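In: here is a sequence together with a model predicted from it:
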Number of protein chains: 2
Amino acid sequence: MQVIRSIQDMRQLMTDYNDQKKQIGFVPTMGFLHEGHLNLMREARQEDDIVVASIFINPLQFGPNEDYERYPTDEQTDACLAEEAGVDVLFIPTAAEMYPKPTLIQLGIHERTDVLCGRSRPGHFEGVLTVLTKLFHIIHPHKVYFGLKDAQQLAVVDALINDLNFPIELVGLPTVREADGLAKSSRNVNLTEQERREAPWLYKGLHYGQRLIRGGERDPDQVVRDVTETLQQHLSGTIDYVELLGYPSLQPVSSMHKRIILAAAVYFDKARLIDNILLDEKGDIITRYD
Amino acid sequence: MQVIRSIQDMRQLMTDYNDQKKQIGFVPTMGFLHEGHLNLMREARQEDDIVVASIFINPLQFGPNEDYERYPTDEQTDACLAEEAGVDVLFIPTAAEMYPKPTLIQLGIHERTDVLCGRSRPGHFEGVLTVLTKLFHIIHPHKVYFGLKDAQQLAVVDALINDLNFPIELVGLPTVREADGLAKSSRNVNLTEQERREAPWLYKGLHYGQRLIRGGERDPDQVVRDVTETLQQHLSGTIDYVELLGYPSLQPVSSMHKRIILAAAVYFDKARLIDNILLDEKGDIITRYD
């Protein structure tokens, strides 16, 4: 596996692969890799000729009171794990390499951001859109892989690719979970022992919502109320939101007869956890988005 | 010359050229081609393997009271002229092809737009950034050519390419002028006879500014005042602006010892004309920007 740190070297390498007509699969990450990331890399390994992953903690997508400075890093372990998962090229630029001077160009998005995590993270998705556009232009992937755990991010990237005609296929893969159901996340290390014990209830609460829907509940507000109550009973953290929306439009739905997302976020003491399930028209969980 | 109207066909063709390692030069236009455009195409013909031009009147870059509906078109003549100028591929998508549904993603730019034409055309450069990003993603050019006449547009595209790491070389070529000095523009046909007679004074006024600078004038405000006065004396239209700024930053300058733009815009009855000169540190006109 090659580790590359400069944009120029990366461009040259990708041009070479392109000349060799290799199909490039790309997994963008912020590092501190866990099974969720590795699952994306392994899938790209199956589907593409060359697997590129990036590790870049993008300052633009963190708010002033968020955990940019505290975001965990472990480059050596990451490199080892990425190589095992089948990555050919690991791109690890510095912030100075990616943003040599303040960027004048801004990317924004109408809709899809003033709900779920976007509401409490103003500017977050603008930062995500900017860094992904830059990475796409440097790497020129044919396919890009994201976890369904960041379902709002997936919906935003879906708009980015479609609206701006990026020649890239978007693939969303299932959230990878611990044995007890907790979604894997780099931020889980910031949970206290007690919080870690409760945390699986985030997923259990969403599952309860799915059971209500499959049992015939057709009122989105009722589902949201019941899931919220369940989470409040079992979690000591503060609930940021429980929402049920159309997907990927992230618009309110009046009935359950379409593809929807049921999502929740909870603030614990030093970590904010999110989780969601995507359901098809019948209330079955969607495991691949493309 | 091939005329292509669908994004899918265009993508396929450009992928083929890319596989053949052809260097692609791209000239985006809104049609109604004149010598300014043809000059860009002829230069691309000299510098690149394949010359692609586009004709697309981008609704996104016109304000509600601007001339979108009135913008002149003549596709047949355009195709003939483009072919003569050496264009290999002419891309003419419809608005429905480019914007099948309202775009959710917005591109914006801090700086460089609240001066010159940007001030009286809010949203204009956002529209330009969006359509160029889309065209770049469809066409994948190695080089893109613009006229220095739209110097603010060139400065904005310069930021777009640099900030978002587009793998594209930007080339700005000199304004092409009528024998009497009037910059060629698709909008010149909307001038009355009397306005057309006066119009060369736009350029003469800027030249007068250059002479002041070369003669030792070092106060930007004084140059702007003197040029404004000259234009007012000779033009019946309303002066929109006369400005002297750093280039491509488009920030105010306190002295003349750097690359600057001296630019003016005038409203006539049914046409708004713009012109500018770029000057290097010595006050000499810059004829190629790259």
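Out: Right, received. Where do you want to start?

In: wait, does the helix or strand of chain A with the lowest mean pLDDT make contact with chain B?
Out: None of the helices or strands of chain A scores lower by mean pLDDT, DSSP states H and E than helix A:116-120, at a mean of 86. No. Using CB under 8 Å from any CB of the partner chain, helix A:116-120 never reaches chain B; the gap is at least 12.7 Å. Heads up, the C-betas are built off the backbone N, CA and C, glycines and all.

In: got the CA positions of that helix in PDB?
Out: Coordinates of the C-alpha atoms in helix A:116-120 are reproduced here as PDB (Å, rounded to 0.1, in the frame of the first residue of the first chain):
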ATOM      1  CA  LEU A 116     -31.300  15.900  11.700                       C
ATOM      2  CA  CYS A 117     -27.600  16.700  12.500                       C
ATOM      3  CA  GLY A 118     -27.600  19.600  10.100                       C
ATOM      4  CA  ARG A 119     -29.800  21.700  12.400                       C
ATOM      5  CA  SER A 120     -27.300  21.600  15.300                       C
END
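
In: what's the next secondary structure element after it?
Out: For helix A:116-120, the succeeding helix or strand toward the C-terminus, using DSSP states H and E, is helix A:124-139.

In: can I get that next one as PDB, trimmed to CA atoms?
Out: Only the C-alpha atoms of helix A:124-139 are listed here, as PDB (Å, rounded to 0.1, in the frame of the first residue of the first chain):
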ATOM      1  CA  HIS A 124     -21.000  21.300   8.800                       C
ATOM      2  CA  PHE A 125     -22.300  20.000   5.400                       C
ATOM      3  CA  GLU A 126     -20.900  23.000   3.600                       C
ATOM      4  CA  GLY A 127     -17.500  21.900   4.900                       C
ATOM      5  CA  VAL A 128     -18.200  18.300   3.800                       C
ATOM      6  CA  LEU A 129     -19.300  19.400   0.300                       C
ATOM      7  CA  THR A 130     -16.100  21.500  -0.100                       C
ATOM      8  CA  VAL A 131     -13.700  18.800   1.000                       C
ATOM      9  CA  LEU A 132     -15.400  16.100  -1.000                       C
ATOM     10  CA  THR A 133     -15.400  18.200  -4.100                       C
ATOM     11  CA  LYS A 134     -11.700  18.800  -3.600                       C
ATOM     12  CA  LEU A 135     -10.900  15.100  -3.000                       C
ATOM     13  CA  PHE A 136     -13.000  14.000  -6.000                       C
ATOM     14  CA  HIS A 137     -11.100  16.400  -8.200                       C
ATOM     15  CA  ILE A 138      -7.700  15.100  -6.900                       C
ATOM     16  CA  ILE A 139      -8.600  11.400  -7.000                       C
END
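
In: quick one: what helix or strand has A:Lys258 in it?
Out: With DSSP H and E as the test, A:Lys258 turns up in no helix or strand.

In: check contacts around the residue nearest to A:Lys270 when sequence neighbours are not counted.
Out: Closest residue to A:Lys270 apart from its sequence neighbours, by CB to CB, 6 or more residues apart in numbering or on different chains: A:Asn190 at 4.3 Å. When contacts are counted by CB atoms under 8 Å, 6 or more residues apart in numbering or on different chains, A:Asn190 touches A:Asp67, A:Arg70, A:Pro72, A:Phe268, A:Lys270, A:Ala271.

In: likewise for A:Glu97?
Out: For A:Glu97, the contact set (CB under 8 Å, 6+ apart) comprises A:Arg5, A:Ser6, A:Ile7.

In: again, only this time at 10 Å
Out: Going by CB atoms under 10 Å, 6 or more residues apart in numbering or on different chains, A:Glu97 touches A:Arg5, A:Ser6, A:Ile7, A:Gln8, A:Met10, A:Phe56, A:Phe91.

In: out of those residues, the closest to B:Ser186 would be?
Out: Set against B:Ser186, the nearest of the contacts of A:Glu97 by CB to CB is A:Ile7 (37.7 Å).

In: for A:Pro72, what are phi and psi?
Out: With angles defined as degrees, to the nearest 10, A:Pro72 sits at phi -70, psi 150.

In: count the residues that sit near it.
Out: 14 (other CB atoms under 10 Å in any protein chain shown).

In: and it, what's its pLDDT?
Out: For A:Pro72, the model assigns a pLDDT of 87.

In: skipping adjacent residues, who's closest to it in space?
Out: Nearest to A:Pro72 is A:Phe32, by CB to CB, 6+ apart, at 4.5 Å.

In: pop out the phi and psi values for A:Ile24.
Out: phi -100, psi 130.

In: was I right about it contacting A:Asp49?
Out: Yes. Between A:Ile24 and A:Asp49 there is a contact under CB atoms under 10 Å: 7.2 Å.

In: ok, those two, which is more surrounded?
Out: Neighbour tally, A:Ile24 and A:Asp49, criterion other CB under 10 Å: the higher count belongs to A:Ile24, 22 against 15.

In: which helix or strand contains the closest residue to that one other than its chain neighbours?
Out: Once flanking residues are discounted, A:Ile24 sits nearest to A:Pro141: 4.6 Å by CB to CB, 6+ apart. Secondary structure assignment for A:Pro141, by DSSP H and E: no helix or strand.

In: where does the stretch 1-150 of chain A dip in pLDDT?
Out: Filtered on pLDDT under 70, the stretch 1-150 of chain A yields no residues whatsoever.

In: which stretches in it count as helices?
Out: With DSSP state H, counting those that start in this stretch as the criterion, the stretch 1-150 of chain A has helices at A:7-19, A:35-47, A:75-84, A:95-98, A:116-120, A:124-139.

In: which one of those helices has the most crowded surroundings?
Out: The highest mean neighbour count among the helices of the stretch 1-150 of chain A, using mean count of other CB atoms under 10 Å in any protein chain shown, belongs to helix A:124-139: a mean of 23.
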